[in-house]
Every structure is written in structure tokens, then in C-alpha cells.
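J.: structure for the following, please:
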Amino acid sequence: MLDTTKKTAHTEERPFSVLRSPFSVLRSPFSVLRSPFSLIRRNFSLSVFVLIAAVFSLVACPSSGGDGGGDGDDDIETTYTVTFAANDSGDGTSVTGLPSPITGVTSGEKIAQPNSNPERADFIFDGWYTEAAGTNAWNFAADTVTANITLYAKWIAPGDLMIRTLSGVAVKFRYVPGGKFQRNSTAGNVSIITKGYWLGETEVTQELFQAIMQTNPSHFTNAVDGEDGTPGKLPVEQVSWYDAIAFCNKLSIADRKQPVYSVDGINDWSGSITIPISNNTTWDAATQDLSKNGYRLPTEMEWMWAAMGADKTAQPNTSGYNKAFAGSNGSNSIGDYAWYYNSYKTHKVGQKTANELNLSDMSGNVWEWVWDWADSYPNGERTDFTGPASGSNRVLRGGSWNDADLGCKVAYRDNYDVPRSRYNHYGFRVLVAAQ
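T.: Here you go, the predicted structure:
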């Protein structure tokens, strides 16, 4: 006969026997009733098993701390700084309003465009770029930050080039800074232009006028020997002042800009416009809104300042008005700069030497309509002067192929005509405000 009492006692001396099978406690769901202490014994054994399993889990599966080193450094999110540089080829003191650095930018985050632009005397701010050369513009709507970066201001200098493709025709503009200058021989007759602007590098060509107006009124429409691109590259002529302002408004619409000029009775400049061929009081009463961003004729003072080369060595400039022609330095030859008397006809724009702002044909080729009514200059200082409020004749500037060298003088203003006049030595160039 087996001694079961002894074996039972031996089993009770091994409290950890539950480890042989962690589920032994499930042998019978009612085994707890066998002894009031059996539940305590088995629960203790299960707790030990759970503790050992938890320790094994910590060793085998460390928390997501990166390298398991336990220092937690990889849980700190890396942030970056965006710095804005003046990029003025100096120590930055010529630039005001430079934005403060943007800190705490997370990887892949976009940054907001600064609320205002920096300013630099005589220059136009042209955006933020990823390198000082100003090749790759930063796109605030799309570009994201992935490292510490510096964004460089880009500046447009006097005489710098802007090219616009308008109705399929590439048109060049040159930047003219604001300035202060004496407009004639009377000391104290000073004109101030407060804002820079873009002026057409050449007179409006026949090809551009045709593209915008669907007509070419010019007299000289034959190709000129040795002048590639003619007649399209010849200046448009036989245009009236009325034609010129209508062209400007239509050009603005073609470039999705706001028309500057208003004429009673015309609400839509995009359609067919009947331009007067005789004196017209309604068109004579045309107004201009210089808050609009479209194309327009220069004022007489804007034209004169550009023809002078906008030289700001001295302010006011007291000698530029007396230049014999646009680009004159007192010793160079007018024949290198202007098509004037004995040229017999118009010539391809931009062939002659340009002036200090890289503007061509400011003297010669065709007379250029400007905005102003003709009248004697007022005395004293004038700021952003746009001429008399009314008159009978509009001013033309610069001389032409049909006129003596006197007409090429920067200060010469004795050519004016009724706004309806169309002659084969009358043309114009356009201006657009610098934004």
C-alpha cells in the first residue's frame, strides 16, 4: 500500500511548482474549494510568473528611445532658424526694415512671408532668394524648411532690366529711380520724383502696336537694309496722343493689369474702341489714376529725368537738363546716340548707343508723346508734377529722324501738338510703376 500522506507533504514543500506550467491553476476551476489556503498559494505563484514575464519584456523590447541608451535625447524634436540677409554688398546698413529671424521651425514646416518688405534707397526689393546671386526664389506657399537657412534680399538697381512678354512680344523695361533735379536754367526750378518706375527701353515698336491694337498706322512699313527684324522692330509712328493712351489701357488689360486712363463713355477697354481722328473734348478730358498698376505714358518730368540718366551724384542734379542729347558726357558724338536730321526715315529701335540707364533712342528716331498739357513751367519746387490741368496741346519730347540736333537736347520742349495729330515722326514709349 502506497504512503500517499508523505508524497502530499513533499508536494506542499515546493510552493513554486506552478512554474512547471503557468496554467496549472486552471486544472480545475473549483480546486480552490479543496483548501481555504490554496487560492493564496496559487495567486502568489502566478504573480511571480507575471513579474518574470514583465522583466523579460523590458529586456527584449526596449522603449522607443532611439538607441536604447536610456537618455531620451532622440525624443527632442529638432528645430531650425530662418535668417534674412540684407545682401546689399556692404554691411547691411543701407537696408531698413529687415525681418527678424524666424526660430523654432520644425523640419518640413512652411514659413509665413514677412508682413513688409525691406527698403533700400534707389533700389527695388525683388523678393527673397536662397543664394546671394538671386537665382532661386523662395516660394513661401510651397517651400519647406529642412535645415538652418539664410534667405537673401534681391535688389533691382538703376538701369536694371525687366522683360515682359506682352501678346507674344518680348518688351524690355529699365528701372529709373526717383530723384531731384533742376528742370531748366532757372535756379530753384526743381522737380522731385518720389518713386522709381520702369520705362520702356525703346519706343513702342510696330510689332507690339499691331499685336495689341490689331492695326499698324505707320508710314514706314518696309524692311530697312541691314536692320534685321524690320519693319516689326521699327518704332510705330503716325500715332496720336489719343492712340497712345488707348494703347496703354489695352496693353494693361493684355497683361492683366489695371488700366490707368479713364475716358467718359468707355467702360470696357478690352473691346473695340473708336479713337477720334479730330479734336475731341471728351478724350481731351481723359484722366489718369496713378494708383493703378497698368501701363501709361511718362509725365514730362519722368521722361526728362530718365533722359538725363537719373544721375544722383548731386541732389538736386543741377546740370543734367543741359545735356545736348540723352547719354551726352560733353565729349561724345550725337551721331552715336541718335537718329536725327538727314536720317530720312525711322530705324530699328535700340541700334544706337543707350544712355546711362540703358535707355535707347531717348534722343532721335521719333518724337515721344508724354502725358502733360503744354504750358510754361511753373516756378519753384514741384513734387511728382503731372503738368497743367488742361490745355490745347500735349507735349512731345526727344527729337526725331526729321529734326535738327536741337530737338535732341534733354531740356528741349518746344514741340507740342493737338492730341489728335498723327505724323510719321510721332511715336511714344510706355512706363509702368515699380511695385
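J.: three-state assignment of the residue nearest to F140 when sequence neighbours are not counted?
T.: Closest residue in space to F140, ignoring its immediate chain neighbours: Q113 at 4.1 Å, by CB to CB, 6 or more residues apart in numbering. For every residue, glycine as well, the C-beta is placed using N, CA and C. Following DSSP: H, G, I helix; E, B strand; the rest coil, Q113 is assigned to coil.
J.: how many residues are close by Q113?
T.: Residues lying near Q113 (other CB atoms under 10 Å) number 14.
J.: so what pLDDT did it get?
T.: With respect to pLDDT, Q113 has a value of 95.
J.: ok, which stretches of the stretch 101-250 of the chain are helices?
T.: 206-213, 241-254 (DSSP state H, counting those that start in this stretch).
J.: figure out which of those helices is closest to K154.
T.: Ranking the helices of the stretch 101-250 of the chain by proximity to K154 (CB to CB) places helix 241-254 first, at 25.5 Å.
J.: give me the distance from that closest one to the chain's centre.
T.: In terms of CA atoms, centre = their mean, to the nearest Å, the centre of helix 241-254 is found 23 Å from the chain centre.
J.: ok, then the element right after that helix?
T.: strand 261-262 (DSSP states H and E).
J.: mind giving me the packing neighbours of that following strand?
T.: In terms of contacts (3 or more CB pairs under 8 Å, 6 or more residues apart in numbering; DSSP states H and E), strand 261-262 is packed against helix 241-254, strand 287-288.
J.: after the shortest one, which helix or strand is next? Please name it.
T.: The reference is to strand 287-288. Once strand 287-288 ends, the next helix or strand along the chain (criterion: DSSP H and E) is strand 295-296.
J.: what residues does that following strand touch?
T.: Residues from elsewhere that reach strand 295-296, judged by CB atoms under 8 Å, 6 or more residues apart in numbering: 245, 248-249, 251-252, 255, 257, 260-261, 288, 290, 371, 430-432.
J.: ok, which pair from those residues is furthest apart?
T.: Once CB to CB is applied, the contacts of strand 295-296 give D255 and W371 as the farthest pair, at 19.5 Å.
J.: higher neighbour count, those two?
T.: Neighbours were counted for D255 and for W371 using other CB under 10 Å; W371 has more, 25 against 17.
J.: please report phi then psi for that one.
T.: phi -70, psi -40 (degrees, to the nearest 10).
J.: against E300, how distant is it?
T.: Here the criterion is CB to CB, to the nearest Å. By it, W371 lies 7 Å from E300.
J.: then T83?
T.: 45 Å.
J.: quick one on the thing from earlier: thought D143 was touching the residue nearest to F140, still the case?
T.: No - Q113 lies out of contact with D143 (CB atoms under 8 Å); the separation is 10.9 Å.
J.: what's the burial count for A433?
T.: 17.
J.: residues contacting it?
T.: So A433 contacts 195, 197-198, 290, 293 (CB under 8 Å, 6+ apart).
J.: mind checking how far it is from R256?
T.: Using CB to CB, A433 is found at 15 Å from R256.
J.: likewise P316?
T.: Counting by CB to CB, the gap from P316 to R256 is 37 Å.
J.: next: N189.
T.: 39 Å.
J.: comparing these two, which residue is more hemmed in?
T.: Taking other CB under 10 Å, N189 and R256 do not tie; N189 has more neighbours (18 against 8).
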